[in-house]
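Colleague: this is the structure alone, sequence omitted:
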């Protein structure tokens, strides 16, 4: 089952790669991405799928949240299709 | 994380300063006294600026040792250890040490030179993307693009390395950024937000503790990181709850405390593992349900509710669901756990198991029994000693048989399991706490991985005591091949080792060899009575194994025991 995370972050060198690398290393496949600039930062929507049943999206959300460039992480109900 | 106002604003410069000089000023401003490193092309501007500074640079003989020494320095002082290397191979040689610090949550700032900005991305000489390479093994990293940013980046790096759950921070410095001069831009670090404890969670934890009839306190390295040993000991004493430690938790409660049952897990005590198996409440403090501690996770504390206390919210529920998770300052949380469970009967049962399964030292034969030697050495060295270990059988023997009354006295590579850690860690520990007797316990496999650091010990006349336990094999691998690979011994023979005492002599270090039990007492006396560095080479029976042992994919109570 796919999950969706919305991550608000401060743009900085390596910030996006750091987030995506973490998601893959922690046992998820990346299914889709969408990124947008905002007034005081940026946001990335990540659709992901766990590689095994032991992975819980709340855990990877907290692991993302402790990255220095990340301001907040939300787990949202997946919608159909690619992130917009 | 404590509240602190905006800080570390550098004094305004009236004229432009070179980037390299700004680096040195930033380190001095952070209170750094020692840096471990090795010069090379891209980092030369920084080495040029080091001369005349207040920093003592320790020239190691391999960059990996710089990072590992900085790791140990960080563990002992609680302040970031600093290591420096040049670009390319210098930077990649730091990687193991950075990963070591990351896995064990050690504060570190690693500074790497980088090729000049116009050359970056051109496959220039000694160019490597160390920023990218280390992304998975740092808490954070910076690539400095502008000289004027240097003071701010360093201030941020030191704060990040220490705050919350500590870890390594990498700063990659292109050569031109270090050469060019600039007026540093004023900056303010944002005020850190005050921490609010979850009162409801603390109340729920107290309720679970009060209702428990067979609780166990399971603590790990997070206690030492948070410097919460006093609060942990007070909680254990007032509650009367039996306690077990992870490898990295050892010393947070003195190992000879009556309610302490020993290390749990793969090479833990049977008393600790039995207590975990039978408990109805697990109070996990600063530990992370690591596989070496839990064995087969499904059968770990199978009937227990869990209270999980940690500084890092990402650890709560990562591997074992918590009935109550409490995140924040460990001292403050532990001080609020005031429930008084009725555990006298349970504690007595645990004590009986501890007595029943106590380690034995009456090994047959006249050869040296390493656990007995280490026990005797530890008792002779006293509570102020610091032990650093390498990785393998001797590492487990140190954990099992040495006594520790503080966690900083036991420096071991817990998460990464880095062979070669012991000697560089000894270097870092001697410099971090010059008043301590620092003892490195190594094995013949691990010793050869950073043997070149004997030159560092000699150069700075560091009074490190090295005990090299030599079974002429990769002992832990051999043990597993014997037990779990049908004695198919593959590539574990080290019988062509050099004469280790002669190796030490050639570096100008006093050394001697023992191979008989009757020599142990005299050897320990000589080791501890020598002012300078000394190496005691100890030959042991290559067939000796580490016991007890939980086989892979087994429950912790399925321990294999020693035969005699």
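Modeller: Nice, I can see it. Computed from a predicted model, the values in this text were never measured in an experiment.

Colleague: tell me the buried residues in the lowest-mean-pLDDT helix or strand in chain B?
Modeller: Across the helices and strands of chain B, the lowest-confidence element by mean pLDDT, DSSP states H and E is helix B:291-294, at a mean of 94. For helix B:291-294, the neighbour count (16 or more other C-beta atoms under 10 Å in any protein chain shown) marks B:292-294 as buried. The way it works is simple: take the backbone N, C-alpha and C, and place the C-beta from them, glycine included.

Colleague: show the average pLDDT along the next helix or strand along the chain from it.
Modeller: Heading C-terminal from helix B:291-294, the first helix or strand you meet, by DSSP states H and E, is strand B:305-310. Across strand B:305-310, the average pLDDT comes to 98.

Colleague: partners of strand B:305-310 in the sheet?
Modeller: strand B:281-285 (parallel), strand B:324-327 (parallel) (DSSP bridges).

Colleague: which of those is buried the deepest?
Modeller: strand B:281-285 (a mean of 27; mean count of other C-beta atoms under 10 Å in any protein chain shown).

Colleague: what sits up against it?
Modeller: Applying C-beta atoms under 8 Å, 6 or more residues apart in numbering or on different chains, the external contacts of strand B:281-285 come out as B:205, B:208-209, B:211-212, B:214-220, B:222-223, B:228, B:232, B:241, B:276, B:301, B:304-310, B:320, B:322, B:330, B:334, B:337.

Colleague: and it, average pLDDT?
Modeller: pLDDT averaged over strand B:281-285 gives 98.

Colleague: what's the answer for stretch A:13-25, then?
Modeller: Rounded mean pLDDT across stretch A:13-25 is 97.

Colleague: for it, which positions count as buried?
Modeller: By neighbour count on 16+ other C-beta under 10 Å, the buried set for stretch A:13-25 is A:14-16, A:18-20, A:22-23.

Colleague: spell out which residues of the stretch 101-250 of chain B are next to chain A.
Modeller: B:131-132, B:135-136, B:139-143, B:145, B:160, B:164-165 (C-beta under 8 Å from any C-beta of the partner chain).

Colleague: now the residue of chain A most remote from its centre: phi and psi?
Modeller: Most distant from the centre of chain A: residue A:39, at 19.6 Å, with distances by C-alpha atoms, centre = their mean. Dihedral angles of residue A:39 (phi, psi; degrees, to the nearest 10) stand at phi -60, psi -40.

Colleague: what pLDDT does it get?
Modeller: So residue A:39 comes in at 84 (pLDDT).

Colleague: close to chain A: what parts of chain B are there?
Modeller: Counting by C-beta under 8 Å from any C-beta, the residues of chain B that sit close to chain A are B:131-132, B:135-136, B:139-143, B:145, B:160, B:164-165, B:312-314, B:316-318.

Colleague: buried only: go through these for me.
Modeller: Buried members of the residues of chain B next to chain A, counted by 16+ other C-beta under 10 Å: B:131, B:135, B:139-143, B:160, B:164-165, B:312-314, B:316-318.

Colleague: coming back round to it: what sits up against the least confident helix or strand of chain B?
Modeller: B:220, B:246-247, B:264-266, B:268, B:287, B:297, B:300, B:319-320, B:556.

Colleague: by neighbours, which of those wins?
Modeller: Highest neighbour count within the contacts of helix B:291-294, by other C-beta atoms under 10 Å in any protein chain shown: residue B:264, with 32 neighbours.

Colleague: so that one makes contact with residue B:557?
Modeller: No: contact between residue B:264 and residue B:557 fails when scored by C-beta atoms under 8 Å: they sit 11.0 Å apart.

Colleague: on that earlier part again, tell me the one of the buried residues of helix B:291-294 nearest residue B:422?
Modeller: Closest to residue B:422 out of the buried residues of helix B:291-294 is residue B:292 (18.6 Å), distances taken as C-beta to C-beta.

Colleague: just put the buried residues of stretch A:13-25 in JSON lines and tack on secondary structure and distance to chain B.
Modeller: JSON lines is the format used below for those (DSSP: H, G, I helix; E, B strand; the rest coil; distance: C-beta to the nearest C-beta, whole Å):
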{"residue": "A:14", "secondary structure": "coil", "distance to chain B": "6"}
{"residue": "A:15", "secondary structure": "helix", "distance to chain B": "10"}
{"residue": "A:16", "secondary structure": "helix", "distance to chain B": "11"}
{"residue": "A:18", "secondary structure": "helix", "distance to chain B": "5"}
{"residue": "A:19", "secondary structure": "helix", "distance to chain B": "10"}
{"residue": "A:20", "secondary structure": "helix", "distance to chain B": "10"}
{"residue": "A:22", "secondary structure": "helix", "distance to chain B": "8"}
{"residue": "A:23", "secondary structure": "helix", "distance to chain B": "12"}
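
Colleague: can I get the residues you listed in CSV including distance to residue B:381?
Modeller: Converted to CSV, the buried residues of stretch A:13-25 look like this (distance: C-beta to C-beta, whole Å):
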residue, distance to residue B:381
A:14, 45
A:15, 47
A:16, 50
A:18, 43
A:19, 47
A:20, 48
A:22, 42
A:23, 47
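
Colleague: which residues of the stretch 351-500 of chain B fall in helices?
Modeller: B:370-381, B:393-401, B:422-432, B:444-447, B:454-459, B:475-484, B:500-506 (DSSP state H, counting those that start in this stretch).

Colleague: nearest to residue B:92, out of these?
Modeller: helix B:422-432 (16.7 Å).

Colleague: which helices and strands sit right next to the closest one?
Modeller: Counting contacts by 3 or more C-beta pairs under 8 Å, 6 or more residues apart in numbering or on different chains; DSSP states H and E, helix B:422-432 packs against strand B:34-37, helix B:63-77, strand B:386-389, strand B:438-443, helix B:444-447, helix B:454-459.

Colleague: apply 6 Å and report the result again.
Modeller: Under the contact criterion of 3 or more C-beta pairs under 6 Å, 6 or more residues apart in numbering or on different chains; DSSP states H and E, helix B:422-432 touches helix B:63-77, strand B:386-389, strand B:438-443.

Colleague: could you check the angle it makes with helix B:63-77?
Modeller: Put simply, helix B:422-432 runs at 50 degrees to helix B:63-77, going by axes from the mean of the first three to the mean of the last three C-alpha atoms, to 10 degrees.

Colleague: got the residues of chain A near chain B?
Modeller: Residues of chain A found near chain B (C-beta under 6 Å from any C-beta of the partner chain) are A:13, A:18, A:21, A:25, A:59, A:62-63, A:66, A:68.

Colleague: just the closest residue of the stretch 51-200 of chain B to chain A, please.
Modeller: residue B:140 (4.4 Å; C-beta to the nearest C-beta).

Colleague: Provide the partner residues of that residue in its beta bridges.
Modeller: Beta-bridge partners, per DSSP bridges, of residue B:140: residue B:169.

Colleague: show the pLDDT at it.
Modeller: 98.

Colleague: how close does it get to residue A:10?
Modeller: 12 Å (C-beta to C-beta, to the nearest Å).
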